[in-house]
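Enquirer: have a look at this prediction, sequence included:
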Amino acid sequence: MKSAVLVFPGINRETDMARALTLVTGNAPTMVWHADTSLPAGTDLVVVPGGFSYGDYLRCGAIAARAPIMDAVRAYAGRGGLVLGVCNGFQILCESGLLPGVLMRNARLKFICRDVFLKVEHSDSPFTRGYNAGQVIRVPVAHGEGNYVADDDTIARLEGGGRVLYRYCSPDGAIDPAWNHNGAINSIAGIVNERGNVLGMMPHPENHVEAAIGCTDGRGLFAGLAAHLEAAAA
Amino acid sequence: MKARVTVTLKSGILDPQGKAIEGALKSLGISGVASVRQGKVFDIEMEGGDPATAEAALKEAADKLLANTVIENYRVEIV
């Protein structure tokens, strides 16, 4: 599995992401600088990691979304290539037009850094096939702007098309406003585009892949992607 | 030529920062504040003398970068 991790000024989760990809898939990713204009040949997965690209100036992800490398990512996604955006990466994908909607300031205005519970809505996606439908996983979040907002039509299309893959939930999987820490519409934590090959999610699965950390619930996402690519290549 | 681009949240978009400012103004005892919406102002110095050209360029700037038109409206003024 050949992954490419994009690096923008101000991003700070790229090494976590590279470490997780290496640990779970067995292959170290290529780090790709934002000013580059092409992705490495044969890239199977592009990852837009988390952090604070350009210091969150203007709007979170707004400036990174206009970086030269993003034209190559748009073309790659247009050909059906897999793209994963985490946290600031999710914001960048929304700003770049690859995903609908926008991540607004958390409803209670606080930056939230803690573990949350996510319900895996279904396992029919490359991004969820490492889990069971309805499974609850525990992964960390660290963001001030994770409150997913889109217009009613967009939400209806996302929900109707099974495009919400991850939702904030209670430890036993109940969708409850009390466990929707940032106020996202319908407790949305992660969505895919219409074609299903671009995922954006606020939580950080890459930070729960090692037993030493105390939880390995994030491994399934990367293992599922590797299994998907292996099956596609067979 | 001086220009100003003003970006504001569309109506119906929740503005928690505006709400917090509204609460602070009320706690300061400033009377008559019904609601607050926070926006952004960009003061831009443009080269060249044709206002129509400048306005067209700034509209492109707003559409492509300064505003996220999913949630924001903008206004371009040549001042």
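Expert: Thanks, I have it. Residues are numbered from 1 along each chain as shown, chains lettered A, B, ... in the order given.
Enquirer: mind listing what A:A223 touches?
Expert: The contact partners of A:A223, taken as CB atoms under 8 Å, 6 or more residues apart in numbering or on different chains, are A:24-25, A:130. Backbone N, C-alpha and C define where each C-beta goes, glycine included.
Enquirer: same question, A:G196
Expert: Neighbouring residues of A:G196 by CB under 8 Å, 6+ apart: A:125-126, A:163.
Enquirer: and for residue 78, the neighbour number?
Expert: Assuming you mean chain A. 11 (other CB atoms under 10 Å in any protein chain shown).
Enquirer: think we crossed wires, I meant chain B
Expert: Residues near B:I78, counting by other CB under 10 Å: 15.
Enquirer: residues from chain B in reach of chain A?
Expert: Within chain B, the residues that sit near chain A (CB under 8 Å from any CB of the partner chain) are B:13-14, B:16-17, B:20, B:64-66, B:68, B:70-71.
Enquirer: and these, which of them are buried?
Expert: For those, a burial check counting by 16 or more other CB atoms under 10 Å in any protein chain shown picks out B:13, B:16, B:66, B:68, B:70-71.
Enquirer: can I get these in a markdown table with secondary structure and distance to A:R59?
Expert: Below are these laid out as a markdown table (DSSP: H, G, I helix; E, B strand; the rest coil; distance: CB to CB, whole Å):
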| residue | secondary structure | distance to A:R59 |
| --- | --- | --- |
| B:I13 | coil | 13 |
| B:P16 | helix | 15 |
| B:L66 | helix | 9 |
| B:N68 | coil | 6 |
| B:V70 | coil | 11 |
| B:I71 | coil | 9 |
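Enquirer: what's the most distant pair in those residues?
Expert: The most widely separated members of those, counting by CB to CB, are B:P16 and B:L66 (21.4 Å).
Enquirer: list the contacts of residue 25.
Expert: No chain specified, so I'll use chain A. A:1, A:3, A:222-223, A:225-226.
Enquirer: please go with chain B instead
Expert: B:L25 neighbours (CB under 8 Å, 6+ apart): B:33, B:36.
Enquirer: ok, now how distant is it from A:C94?
Expert: Here B:L25 is placed at a distance of 31 Å from A:C94 (CB to CB, to the nearest Å).
Enquirer: what's the burial count for the nearest residue to A:N27 once chain neighbours are set aside?
Expert: Of all residues not flanking A:N27 in the chain, A:M1 sits nearest, at 5.2 Å (CB to CB, 6 or more residues apart in numbering or on different chains). When neighbours are defined as other CB under 10 Å, A:M1 has 20 of them.
Enquirer: hmm, back to that, what about the contacts of A:T25, which are in strands?
Expert: Residues of these located in strands (DSSP state E): A:S3.
Enquirer: A:H122 contacts A:N132, doesn't it?
Expert: No: in this structure A:H122 lies outside contact range of A:N132 using CB atoms under 8 Å: 9.5 Å.
Enquirer: quick revisit: spatially, which two of the contacts of A:T25 are the most separated?
Expert: Spatial extent of these (CB to CB) is set by the pair A:S3 and A:A223 at 13.2 Å.
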